[in-house]
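Novice: What follows is a predicted structure for the sequence shown.
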Amino acid sequence: MLKSEALDVQKVRSDFPILLRKVHGKRLVYLDNAATTQKPRQVIDALVDYYSRINSNVHRSVHTLGEEATAAYEGSREKVARFVGAGPRELVFVRGTTEASNLVRFAWGEKFVRKGDTVVTTIMEHHSNIVPWQLLARRVGANLKFVGLLRDGTLDLDEFDAALKEAPSLVAVTHCSNVLGTINDVRSICSKARTAGATTFVDGAQAVPHMPVNVAEIGCDFYAFSGHKMLGPTGIGALVGRKDLLAAMEPFQGGGEMIREVFLDHATWNDVPYKFEAGTVNIADSIGLGAAVDYLTAIGMDRVRSHEMRLVKYSLETLAGVKGLTHFGPTDPSRKGGVISFNLADVHPHDLATILDDDGVAVRAGHHCAQPLMNWLGVAATCRASFHVYNSTDDVDALKSSLERARGIFRA
Amino acid sequence: MLKSEALDVQKVRSDFPILLRKVHGKRLVYLDNAATTQKPRQVIDALVDYYSRINSNVHRSVHTLGEEATAAYEGSREKVARFVGAGPRELVFVRGTTEASNLVRFAWGEKFVRKGDTVVTTIMEHHSNIVPWQLLARRVGANLKFVGLLRDGTLDLDEFDAALKEAPSLVAVTHCSNVLGTINDVRSICSKARTAGATTFVDGAQAVPHMPVNVAEIGCDFYAFSGHKMLGPTGIGALVGRKDLLAAMEPFQGGGEMIREVFLDHATWNDVPYKFEAGTVNIADSIGLGAAVDYLTAIGMDRVRSHEMRLVKYSLETLAGVKGLTHFGPTDPSRKGGVISFNLADVHPHDLATILDDDGVAVRAGHHCAQPLMNWLGVAATCRASFHVYNSTDDVDALKSSLERARGIFRA
Amino acid sequence: MSSADIYRETILDYYRNPRNFGKMDNPDVDARDSNPLCGDEVEMQVRVGPGSTIEEIKFVGKGCAISVASASMLTELAKGKRLEWVKELSKDDVLRMLGNPELGPSRIKCALLGMKVLKSGVYGYLGAHYDDPDALGSTR
Amino acid sequence: MSSADIYRETILDYYRNPRNFGKMDNPDVDARDSNPLCGDEVEMQVRVGPGSTIEEIKFVGKGCAISVASASMLTELAKGKRLEWVKELSKDDVLRMLGNPELGPSRIKCALLGMKVLKSGVYGYLGAHYDDPDALGSTR
Ligand SMILES: Cc1ncc(COP(=O)(O)O)c(C=O)c1O
Ligand SMILES: Cc1ncc(COP(=O)(O)O)c(C=O)c1O
């Protein structure tokens, strides 16, 4: 395929075994990709191949399996790092975005954030980019400040600029909202934050899977993402960090692998990134994530992004025809990731999702781990349809007709 | 198979695809099981099945895949908990033993261990049961005390009793040494520790995979183990904790799943064990660990244990015939796990392991993440052969003849 | 039968016009809980009458049709009953009350939230601690 | 050819009788490092002579035959050379010195430990920082 061609959804679909299954006798219409994506055969095969051919513990091993496993693990680190424009030594494998923000909280935050300091975040964040900073702030006596949103669901940049006047030590912001789809201009945000003397943490959980990302261009200090949201296995993700920052940080977890030498009364630390990878790492899933990166690279992230933009545009047009439907978030597809949040009249999102499931349509309903945003929106919960490479306009049509059925049942 | 029958190694071997591979043209003789074990088809299939049929994020989901994934994940928690005699709500899924001890350090230790307190551990511990307590002790100003060993590689119980006189707040001890194979009487150790008012943490990384373990009988407060060492996938393990202790602890990582409600200025926590499972959990590998537990249960842990005892006995007899070989650790198979550490004359363990690898024999060489123990033994490193269900006396014979060859090359 | 079948006339009616909705002054029992998995909230209040009976019962809450209707129907069922009755109330009783719908494990939690809150309030009033047997995951 | 072939006569000889083994007083360069992956340790000392040459060089260390022999052979090779020579020394040079053995990525680290220590010492002496290109994993 040429990169300029549109994505061949049918071809892509044939790579995903789960899409063959039926739900309540209907074709599975999987629209819960912001929660977790499905996995192509290529990723599943990488796991099977690892366990069937080279499984071994890494790094400290002299035997052949150990050497091969180490080469595969480190090869995957290079691949994943390159995918987001980072160097391999700047990439720490973690369980996912949540572990990444907690690592920064413990290993960087408790060392560098002081009593009375300000930490700035926004009210559109996922809990994993809020709760760690709340816990950090409580621990060291810092203040946590939330930047609000404009009515259209984009960040209030005046408020952000005002927050920077307090010379925050940390600015933690999402690249793309998992509820509204809002894409933040993290490049400009990080540049301003840096000028104001702040360290920057960008939550890329909803960006890396869906659009080209280059951390060097963004100019952030830390960048985090999850493998399971980008066609990779569960249990693996990455924290990318500026090398000098990583080197200056305290270790996070203590144990094997992250040490250089252990004496009875103290220990010394391994080089970065190993200093942050205590214990036996998640070898197989790191390699699986490398396979997911290969798969996405073969498609081309530009093409993934245009595909999702087309789906967002089509969805907004299509769902506008559903009576009683309220959509939350920006409506300009070029400013919005592949995420559509909505409610239908007075139907509670959980009830709505139950009825959609009956038709094989899988959406998420709830607060999406973003309760502060729900409060700002003035709702307890929303329904969310979110896309990836195997979704097509057919899926949007199926969503629409199921919504119409729900309207009938609820007389909404 | 009746449980009383001996283990049918040939039948077991046919379940492990990797055992078909050749290393340097030779049959793979995998004797690095204390580092990580190989995986049976049944475990690999469980991963493939999960990703091909029910992959979805868990707990917050209303749709069918989500319900099925949640049921599988929680079903696995019950299975794994039952395997070690715990209740499901007492089991927290973690990455492995290292994350477990760090969780206890952060969530329990920083709350309950005070300045001037004593933490007792032993010099036979793995770094993951030393470094977290060093970091904790430094943080809160506690003292870390190491109990030594008797000449035969067993714990010096007089020293242990003396250490208890200091009324330690924590006793952290391994169930089975990953270097010497020493099996500690953790039941008696925990009972004494408890009487002395200490909380107990048992590192079960080398016990759960190899012998029947029942945490209720042991009477410990915390018990930790790793899935990848017990035929399960990498990236998953468990911390078992007494329910009231888990409930009294602070959370560890903050983010999705572990919260009840999040407000701008504070958050409240979910019930245990969820309070400690922040972010998207490692769903597939938890389910894979459940499959490993099924596999081990079908064989029977008593039978696994007797099989390994036979191999230990045979190895000690066989290797006694190798000139210049020094064995480290207890020699009574009933007091020793399936681990044989040794050195050959002045041949460095890494050189030895390289030569063995040439013959397809995979052993580990190094400090085995137990540098304090190496210092006590007066060596920089050892070679280690360790067993699991697919090993046979043939493997021990292959080890022996390769050692003889190494003796020739090194004129040792 | 499918899970959507629960959205019968009655459930929708209780959702849109919940009976016993509101708060009372000085209740003897006042318990509140939320479902951490979906955010649904229910608060139950009880005035205890002679013979340890439920003289008056009210609830407020926000959530889905299933949790609101179930809590509301439960208040009707509970009124006049003895506190002991609450202790013996089971998951099956609640599901029967709702017409035995086919609910997946997570929606069952919505259906049971009202019962869980009422039980924890009544246990507390009786000086006991209610240990929710369904607190773990959604497998049973 | 297999990796065990490295254990030729010469390597074993340098392992058992390492040349330039020991310490000197007041060295100009003194660097030490250990391989976190296997625990091998090497310390290198250099006395710098006229014209920025390596007038005297000594090492101590404990480790496997490969790391000890490699460090020892390197001291012989380095003696009399200019410090610039050390900066330009490459992995391939060291492997050639060892007779181009087939080494897996982790054993290569043993072979290169002496060079790494010498380089970091010399870079430090010259007021620069040595950034080990092989520090990450063992894939190259
Ligand atoms: C006794 C012992 N404790 C702890 C560990 C650490 O386990 P993991 O690396 O899976 O965290 C190991 C194995 O590496 C071990 O053998
Ligand atoms: C924007 C955002 N940040 C963080 C996370 C947390 O990621 P994980 O659950 O993989 O740790 C998610 C997804 O759950 C997310 O959508």
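Specialist: Sure thing, it's come through. Ligands and ions are numbered 1, 2, ... in the order given.
Novice: ok, which stretches of the stretch 201-350 of chain A are helices?
Specialist: Using DSSP state H, counting those that start in this stretch, the helices of the stretch 201-350 of chain A run over A:215-218, A:243-248, A:283-299, A:301-319, A:349-358.
Novice: tell me which element the residue at minimal distance from the centre of chain C falls in.
Specialist: Closest residue to the average C-alpha location of chain C: residue C:114 at 1.9 Å, with Cα atoms, centre = their mean. Per DSSP states H and E: residue C:114 is located in helix C:105-125.
Novice: same thing with residue C:95?
Specialist: helix C:91-97.
Novice: Going by neighbour count, list what's buried in that helix.
Specialist: For helix C:91-97, the buried set under the neighbour-count rule, 16 or more other Cβ atoms under 10 Å in any protein chain shown, comprises C:94, C:95, C:97. All C-beta atoms are positioned from the backbone trio N, CA, C, and that covers glycine.
Novice: Turn these into TSV, including pLDDT and distance to residue A:98.
Specialist: Below are those laid out as TSV (pLDDT from 0 to 100; distance: Cβ to Cβ, whole Å):
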residue	pLDDT	distance to residue A:98
C:94	96	34
C:95	95	35
C:97	95	39
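Novice: what's the closest of those to chain A?
Specialist: Looking at the buried residues of helix C:91-97 and their distance to chain A, the nearest is residue C:95, at 15.6 Å (Cβ to the nearest Cβ).
Novice: Right, and ligand 2 sits closest to which residue of chain C?
Specialist: Residue nearest to ligand 2 within chain C: residue C:37 (14.3 Å; Cβ to the nearest ligand atom).
Novice: contacting residues for that residue?
Specialist: The contact partners of residue C:37, by Cβ atoms under 8 Å, 6 or more residues apart in numbering or on different chains, come to A:366, B:59, B:60, C:106, C:109, C:138.
Novice: So which of the residues you listed is the closest to ligand 1?
Specialist: Closest to ligand 1, out of all of these and judged by Cβ to the nearest ligand atom, is residue B:59, at 25.0 Å.
Novice: Quickly note the distance from that closest one to residue B:224.
Specialist: From residue B:59 across to residue B:224, the span is 23 Å (Cβ to Cβ, to the nearest Å).
Novice: Those two - which one has more neighbours?
Specialist: residue B:224 (32 against 24; other Cβ atoms under 10 Å in any protein chain shown).
Novice: where does that one sit relative to residue B:231, distance-wise?
Specialist: Distance, residue B:224 to residue B:231, by Cβ to Cβ: 17 Å.
Novice: which helices and strands sit right next to the helix or strand encompassing residue A:173?
Specialist: Secondary structure from DSSP H and E places residue A:173 in strand A:170-174. Secondary-structure packing of strand A:170-174 (3 or more Cβ pairs under 8 Å, 6 or more residues apart in numbering or on different chains; DSSP states H and E): strand A:118-122, helix A:186-195, strand A:199-203.
Novice: Which residues outside the last one are in contact with it?
Specialist: Pointing back at strand A:199-203 there. Residues outside strand A:199-203 that contact it (Cβ under 8 Å, 6+ apart) are A:97, A:101, A:104, A:108, A:112, A:125-126, A:128-129, A:169-175, A:186, A:189-190, A:193-194, A:215, A:218-224, A:245.
Novice: hmm, back to that, please save the CA atoms from the helix holding residue C:114 in CSV.
Specialist: What follows is helix C:105-125, C-alpha atoms only, in CSV (Å, rounded to 0.1, in the frame of the first residue of the first chain):
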residue,chain,number,x,y,z
PRO,C,105,-22.1,-9.3,36.2
SER,C,106,-21.6,-5.6,36.1
ARG,C,107,-25.2,-4.7,35.6
ILE,C,108,-26.1,-7.0,38.5
LYS,C,109,-24.0,-4.7,40.7
CYS,C,110,-26.4,-1.9,39.6
ALA,C,111,-29.4,-4.0,40.6
LEU,C,112,-27.9,-4.8,44.0
LEU,C,113,-26.6,-1.4,45.0
GLY,C,114,-29.8,-0.4,46.8
MET,C,115,-29.8,-3.7,48.8
LYS,C,116,-26.1,-3.3,49.6
VAL,C,117,-26.7,0.2,51.0
LEU,C,118,-29.8,-0.8,53.0
LYS,C,119,-28.0,-3.8,54.4
SER,C,120,-24.9,-1.8,55.5
GLY,C,121,-27.1,0.8,57.1
VAL,C,122,-29.2,-1.8,59.0
TYR,C,123,-26.2,-3.8,60.0
GLY,C,124,-24.6,-0.6,61.3
TYR,C,125,-27.8,0.2,63.2
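Novice: angle of that helix against helix A:349-358?
Specialist: Using axes from the mean of the first three to the mean of the last three Cα atoms, to 10 degrees, one finds that helix C:105-125 and helix A:349-358 are set 150 degrees apart in direction.
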